[in-house]
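Colleague: any chance you can model this:
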Amino acid sequence: MTGWTTHEGTAIGFDRESVDTDQIIPARFMSTPRSAGYGAFLLHDLRFDSDGHPRPAFPLNRHKDASVLIANRNFGSGSSREAAVYALVDFGFRAVLAPSFGDIFASNAVNNGLLPARVDAAIVNALLAELGDRSAVAEIDLNQATAKIGDRVLSFDLDPAWQHKLINGLDDIDLTLKRRDSIADHRRHIAAKEPWRLPANAVSRASRPHNQQSNGRGETPCN
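Modeller: Okay, the predicted model is just below:
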């Protein structure tokens, strides 16, 4: 995943509260291979009618180049499906600004390079009113935790750890692998001093030199 610090794109409004992950991507599309892309399924049952025809008034159908979504409270609630984030990213979104998010959705978003920016509800409501069915130029700066939507400049809340992950293109596995030397040292210590704490086969693995241990993704290097 590639990190980013600034983004310039197109912002649109989506004034609907408690949009859950089943609305973001209906479950019936989740058997599609990830490599095929999920962008076409984003908000499918809201974007299209029962015959599969696009609803002309729906924001994503009017502004297909949108990359910043101004949403309402509790965006991404519901189930934990990461495919909801895939659909937004694959459509082209880089950020969602909303008063609040589903906790798991927000964590999944950061792990996939999508900014879940928490913005005061009054500001979001003002933005939604200003945008209406139009779009606006958007600029986002992760270092400053600021966004400019049209002529309005605003700040957003972003956990410092999430900011670090987005800027550096890191997910949870990447962060863990950065500590693999310390993890290997700890395992060797446990294997030597308290072997009863580890399964029998793990004791022998923990005693190997670091360059003969797994790389953290289930692969052992060959010498």
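Colleague: the bottom helix or strand of this protein by mean pLDDT?
Modeller: helix 200-206 (a mean of 62; mean pLDDT, DSSP states H and E).
Colleague: which stretches in the chain count as helices?
Modeller: Using DSSP state H, the helices of the chain run over residues 21-24, 44-47, 59-62, 83-91, 103-111, 121-131, 160-168, 172-177, 180-193, 200-206.
Colleague: and the angle for the fourth one with helix 103-111?
Modeller: This points to helix 83-91. If you take axes from the mean of the first three to the mean of the last three Cα atoms, to 10 degrees, helix 83-91 sits at 40 degrees to helix 103-111.
Colleague: only C-alpha atoms, please: export helix 83-91 in PDB.
Modeller: Extracted in PDB, the C-alpha atoms of helix 83-91 (Å, rounded to 0.1, in the frame of the first residue of the first chain):
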ATOM      1  CA  ALA A  83     -15.200  -5.300   1.500                       C
ATOM      2  CA  ALA A  84     -17.100  -2.100   2.300                       C
ATOM      3  CA  VAL A  85     -13.800  -0.300   2.400                       C
ATOM      4  CA  TYR A  86     -12.600  -2.100  -0.800                       C
ATOM      5  CA  ALA A  87     -15.700  -0.800  -2.600                       C
ATOM      6  CA  LEU A  88     -15.000   2.800  -1.700                       C
ATOM      7  CA  VAL A  89     -11.300   2.600  -2.500                       C
ATOM      8  CA  ASP A  90     -11.900   0.800  -5.800                       C
ATOM      9  CA  PHE A  91     -14.400   3.400  -6.800                       C
END
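Colleague: run the chain-centre distance for that helix.
Modeller: 8 Å (Cα atoms, centre = their mean, to the nearest Å).
Colleague: what do you get for the first one?
Modeller: Centroid separation for helix 21-24 versus its chain: 14 Å, with Cα atoms, centre = their mean.
Colleague: does anything pack onto that helix? Which helices or strands?
Modeller: helix 83-91 (3 or more Cβ pairs under 8 Å, 6 or more residues apart in numbering; DSSP states H and E). All C-beta atoms are positioned from the backbone trio N, CA, C, and that covers glycine.
Colleague: where is the longest strand in the protein?
Modeller: Looking across the chain with DSSP state E, the single longest strand is strand 6-14.
Colleague: quickly run through the sheet partners of it, with directions.
Modeller: strand 68-71 (parallel), strand 135-141 (antiparallel) (DSSP bridges).
Colleague: tabulate those (CSV), appending distance to residue 51.
Modeller: Formatted as CSV, the strands paired with strand 6-14 follow (distance: least, Cβ to Cβ, whole Å):
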stretch, distance to residue 51
strand 68-71, 26
strand 135-141, 27
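Colleague: buried ones in stretch 167-187?
Modeller: 170, 184, 187 (16 or more other Cβ atoms under 10 Å).
Colleague: so residue 46 touches residue 22, yeah?
Modeller: No. Between residue 46 and residue 22 there is no contact under Cβ atoms under 8 Å: 11.3 Å.
Colleague: those two - which one has more neighbours?
Modeller: Legend: neighbour count by other Cβ atoms under 10 Å for residue 46 and residue 22, higher for residue 46 (18 against 14).
Colleague: could I get the average pLDDT for stretch 14-24?
Modeller: For stretch 14-24, mean pLDDT is 97.
Colleague: check which residues of it are buried.
Modeller: For stretch 14-24, a neighbour-count test (16+ other Cβ under 10 Å) marks 14, 19, 20, 21, 23, 24 as buried.
Colleague: same thing with stretch 189-197?
Modeller: Those would be 190, 191, for stretch 189-197 by 16+ other Cβ under 10 Å.
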